[in-house]
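Visitor: Fold the following, please.
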Amino acid sequence: MRNRSGISGVASSPVLVGAVTVLVVIVAVFLAYNANNGLPFVSTYNLKARVPNADALVKGNEVRIGGVRVGTVRGVVPVQTGDGEVAAELTLKLDKNVEPLPVDSTITVRPKSALGLKFLQITPGDSSKGFKAGEMIPVSSATPEPVDIDQFFDMFDEPTRKAIQQNLSGFGNTLAGRGPQINEALGAIRRAVESGQPALRKLAEPSTDFGGFWEALAALNATLAPVAETQANLFVALDSTFLAFARVSRPFIQETIEKSPPTLDEVNADLPAVRPFLRDSARFFTALRPGVKALAKTSPVIAESLHAGIPVLNASPVLNNQLQPTAEALLAFQEAPGVFNGLDLLIDTNRQLKPSLAYLTPSQTVCNYWALTFKYLANANSQGNGLGNWLQFISFAPPEGPNSESGFASAPANDPDPKRSKNHLHYNPYPKTAAPGQGNVCEAGNEKYVIGKTVIGNAPELWATTTRGQVEE
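Guide: Sure, this is the predicted structure:
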């Protein structure tokens with residue numbers, strides 16, 4: 001009875017009931033006001049984060065992971081980074097179960113609705129290391145950069161809208177009344193897709209590397225981008241070129257195209273027969289290459305010779321007229337009796353003289369001895385008076401000593417006294433004159449004898465291997 005009376009006493013007190021009601025309302029309003037900031041006396045995981053642009057993110061906006069609310073944004077303030085750029089620094093209040101957030105996580109400001117409400121999206125990484133409470137998520141983690149819907153609609157500016165209207169009008173006029181044809185085209189596309197499945201399946205295989213083809217194509221386009229203007233000029237020039245071709249397309253180019261297949265057939269038939277000639281020509285030009293190189297050095301001389309030969313060629317008709325009687329005389333001489341017998345005797349004579357000429361000819365052709373002999377004989381008899389020419393000569397007195405050449409001797413000059421070392425005989429009866437087996441050596445006149453030593457025969461040393469009028473190789 002007492003309890004009943006006590007309860008009824010509280011309920012019967014209007015002041016007390018009103019006070020309890022006001023207290024409950026105040027608590028409810030307080031909790032509702034702070035609902036976005038989390039319930040009081042609940043432990044949280046606080047972090048800071050920087051983004052390049054807060055993008056209308058405000059205090060109280062949600063923080064989500066995988067679409068689930070895990071916290072709120074407690075504050076947004078602008079800051080200046082070390083490189084002079086401006087960023088937004090966010091204060092985040094996250095649930096304790098999020099701790100620790102991996103350090104390779106990314107953050108993105110995303111729209112919550114079309115009315116402009118935003119939230120912060122966190123994509124956790126897979127790093128084993130996490131952010132400690134109070135640490136800063138760097139601005140490099142704010143990727144990718146979001147695109148707002150207003151930015152998306154900004155691309156539909158007035159020129160774009162007009163172009164879209166024109167496209168719709170053009171496509172509408174194109175498709176109007178062509179339903180059957182479109183249906184046939186769709187059916188043909190279906191058949192083409194079914195027929196192309198083997199090719200598409202082959203392209204989809206890893207061994208085809210179809211993705212690598214597009215990567216290479218992208219690299220090619222990146223390479224061609226800097227020269228795009230040059231390529232555009234090329235196509236302009238090609239347009240002029242094809243216009244010129246258009247003027248001669250009929251009948252000239254048309255006839256060329258018509259006659260090309262028979263021509264190619266003839267070429268294919270003739271090439272096996274021509275191939276040996278081409279092979280021999282290649283060997284010929286390869287062998288001719290050294291001569292061409294030498295001809296490049298002597299081309300000035302050849303050019304002068306050609307200029308000098310022009311007057312000679314102009315006078316050649318006169319010479320040709322004179323050669324005809326000479327040829328007739330030679331023909332008559334050939335037909336005369338005894339000519340062939342004389343030629344046979346001459347051949348026999350040359351055959352008998354050939355061994356001697358083999359030794360005598362190099363003395364002139366290599367060593368120039370015969371020309372020097374007659375030259376100096378002519379010089380020795382070149383001076384004289386009105387009565388005639390006289391022979392020039394100089395006498396040399398031999399050195400004195402034992403067995404001197406100036407008198408009788410019992411042995412070749414070989415003075416043992418070093419003071420008279422010049423009294424020695426130097427005599428070479430058969431010097432080398434470039435005869436066969438002598439190595440093109442012109443010894444006569446080039447001997448280098450040793451002082452103080454008697455030498456009979458070939459000299460132990462030569463001054464040179466050429467004579468006057470010869471060029472030493």
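
Visitor: residue boundaries of the helices in the stretch 151-300 of the chain?
Guide: Assigned by DSSP state H, counting those that start in this stretch, the helices in the stretch 151-300 of the chain fall at 158-175, 179-204, 210-224, 228-247, 254-335.

Visitor: Of those, which is nearest A133?
Guide: helix 210-224 (44.3 Å; C-beta to C-beta). Just so you know, the C-beta spots here come from the backbone N, C-alpha and C atoms, and that holds for glycine as well.

Visitor: quick revisit: may I see the helices of the stretch 151-300 of the chain arranged in JSON lines, with mean neighbour count and mean pLDDT as well?
Guide: JSON lines is the format used below for those (neighbours: other C-beta atoms under 10 Å; pLDDT from 0 to 100):
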{"stretch": "helix 158-175", "mean neighbour count": "10", "mean pLDDT": "87"}
{"stretch": "helix 179-204", "mean neighbour count": "10", "mean pLDDT": "86"}
{"stretch": "helix 210-224", "mean neighbour count": "10", "mean pLDDT": "88"}
{"stretch": "helix 228-247", "mean neighbour count": "10", "mean pLDDT": "87"}
{"stretch": "helix 254-335", "mean neighbour count": "10", "mean pLDDT": "86"}
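
Visitor: and of those helices, who's closest to Y359?
Guide: Per C-beta to C-beta, nearest to Y359 of the helices of the stretch 151-300 of the chain: helix 254-335, 33.1 Å.

Visitor: C-terminal to that closest one, which secondary structure element comes first?
Guide: Remark: after helix 254-335, the chain's next helix or strand is helix 339-365, criterion DSSP states H and E.

Visitor: quick one: that next one to helix 254-335, angle?
Guide: Helix 339-365 and helix 254-335 are oriented at 100 degrees to each other (axes from the mean of the first three to the mean of the last three C-alpha atoms, to 10 degrees).

Visitor: For helix 339-365, name the packing helices and strands.
Guide: If contacts are counted by 3 or more C-beta pairs under 8 Å, 6 or more residues apart in numbering; DSSP states H and E, helix 339-365 sits against helix 369-380.

Visitor: Dump the longest strand along the chain to PDB, keeping only the CA atoms.
Guide: Across the chain, the longest stretch assigned as strand under DSSP state E is strand 68-80. Coordinates of each C-alpha in strand 68-80 appear next as PDB, following Å, rounded to 0.1, in the frame of the first residue of the first chain:
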ATOM      1  CA  VAL A  68      30.100   1.500 -44.800                       C
ATOM      2  CA  ARG A  69      30.200   4.500 -42.500                       C
ATOM      3  CA  VAL A  70      33.400   4.200 -40.300                       C
ATOM      4  CA  GLY A  71      33.700   7.800 -39.000                       C
ATOM      5  CA  THR A  72      33.200  11.500 -39.600                       C
ATOM      6  CA  VAL A  73      35.100  14.500 -40.700                       C
ATOM      7  CA  ARG A  74      35.800  16.700 -37.600                       C
ATOM      8  CA  GLY A  75      37.400  19.600 -39.400                       C
ATOM      9  CA  VAL A  76      38.600  21.000 -42.800                       C
ATOM     10  CA  VAL A  77      41.200  23.800 -42.900                       C
ATOM     11  CA  PRO A  78      43.300  25.100 -45.800                       C
ATOM     12  CA  VAL A  79      47.100  24.600 -45.500                       C
ATOM     13  CA  GLN A  80      50.100  25.500 -47.600                       C
END
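
Visitor: Which positions within that strand qualify as buried?
Guide: Of the residues in strand 68-80, those with enough neighbours to count as buried (16 or more other C-beta atoms under 10 Å) are 70-74, 76.

Visitor: Give the pairing partners of that strand; include direction for each.
Guide: strand 62-65 (antiparallel), strand 86-95 (antiparallel) (DSSP bridges).

Visitor: Out of the ones you listed, flag the one nearest L120.
Guide: Of the strands paired with strand 68-80, nearest to L120 by C-beta to C-beta is strand 62-65, at 4.7 Å.

Visitor: Spatially central, which residue of the chain would that be?
Guide: By C-alpha atoms, centre = their mean, the chain has its centre lying nearest to T223, at 16.0 Å.

Visitor: My guess is V58 contacts V77. True?
Guide: No. Taking contacts as C-beta atoms under 8 Å, V58 lies outside contact range of V77: 11.6 Å.

Visitor: picking that back up, would you list the helices of the stretch 151-300 of the chain in TSV and tack on distance to T373?
Guide: Shown next, in TSV, are the helices of the stretch 151-300 of the chain (distance: least, C-beta to C-beta, whole Å):
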stretch	distance to T373
helix 158-175	107
helix 179-204	94
helix 210-224	81
helix 228-247	78
helix 254-335	33
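
Visitor: So for L94, which of those helices sits nearest?
Guide: Across the helices of the stretch 151-300 of the chain, closest to L94 is helix 210-224 (C-beta to C-beta), at 39.9 Å.

Visitor: Tell me the backbone dihedrals of the residue lying closest to A88 once chain neighbours are set aside, please.
Guide: Using C-beta to C-beta, 6 or more residues apart in numbering and skipping residues adjacent in sequence, the residue nearest A88 is A54, 3.6 Å away. Backbone dihedrals for A54, given as degrees, to the nearest 10, come out at phi -70, psi -20.

Visitor: check contacts around A54.
Guide: A54 makes contacts with 76, 88, 90, 109, as judged by C-beta atoms under 8 Å, 6 or more residues apart in numbering.

Visitor: Name the nearest of the residues you listed relative to V24.
Guide: Of all the contacts of A54, V76 has the smallest distance to V24: 34.1 Å, by C-beta to C-beta.

Visitor: I'd say that closest one and D55 touch.
Guide: No. The criterion here is C-beta under 8 Å, and V76 misses it with D55 at 10.3 Å.

Visitor: still on that earlier bit, what does the longest strand of the chain rub up against?
Guide: The contact list for strand 68-80 (C-beta under 8 Å, 6+ apart) reads 36-38, 44-46, 50, 54, 57-64, 86-95, 97-98, 120, 122.

Visitor: Now mean pLDDT, distance to I394 and mean neighbour count too, for the strands paired with strand 68-80, in TSV please.
Guide: TSV is the format used below for the strands paired with strand 68-80 (pLDDT from 0 to 100; distance: least, C-beta to C-beta, whole Å; neighbours: other C-beta atoms under 10 Å):
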stretch	mean pLDDT	distance to I394	mean neighbour count
strand 62-65	89	126	19
strand 86-95	86	115	18
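
Visitor: Cool, thanks, talk later.
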